[in-house]
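Colleague: just the structure for this:
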Amino acid sequence: MSRDEAKAIRDVELEKDRARYGLLAVVISNLAIAGVAIFGVWRLNGDRAVIVGVLTAAFTAVSSMTTAYLGIKAVSNTARSIALGDGSRRDPAPTAPPARRSQ
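Modeller: As a prediction, the model looks like this:
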């Protein structure tokens, strides 16, 4: 195995670890937000106006956190693939010159 292959394998493993732990952080944060919202609703004893506000804020926080993670991950993956030049920008296939008609 050459140095380049070993470096590529390390880079792939590092990227997997980043994705795994980033997703874990988002899931734990979302569970914490949901837990606090459930506890808040439980403690409000049926005050519907405040419950709606708590649930709306919790939903907004969860959706914002998840969307931010997925957006950053998508941009990061796109930038990485462009930087590595993985062949997504290929030269178009050469076209044949127009055929000449014989008379």
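Colleague: contacting residues around Ala34?
Modeller: 58, 62 (Cβ atoms under 8 Å, 6 or more residues apart in numbering). From N, CA and C alone the C-beta is placed, and that goes for glycine too.
Colleague: just the element for it, please.
Modeller: helix 3-44 (DSSP states H and E).
Colleague: Gly85: how many residues sit nearby?
Modeller: The number of residues packed near Gly85 is 8, by other Cβ atoms under 10 Å.
Colleague: same question but for Arg3, I mixed them up
Modeller: Arg3: 7 neighbours (other Cβ under 10 Å).
Colleague: how near is the residue nearest the centre of the chain to Arg100?
Modeller: By Cα atoms, centre = their mean, the chain has its centre lying nearest to Leu70, at 2.6 Å. Look at Leu70 and Arg100: by Cβ to Cβ, to the nearest Å, they are 55 Å apart.
Colleague: same thing with Tyr69?
Modeller: For Tyr69 relative to Arg100 (Cβ to Cβ), the value is 59 Å.
Colleague: okay, these two: which has more neighbours?
Modeller: Comparing Tyr69 with Arg100 by other Cβ under 10 Å, the one with more neighbours is Tyr69, at 18 against 6.
Colleague: sorry, back to before: so which strand or helix has the residue nearest to the centre of the chain?
Modeller: Per DSSP H and E: helix 48-84 holds Leu70.
Colleague: for that helix, name the packing helices and strands.
Modeller: helix 3-44 (3 or more Cβ pairs under 8 Å, 6 or more residues apart in numbering; DSSP states H and E).
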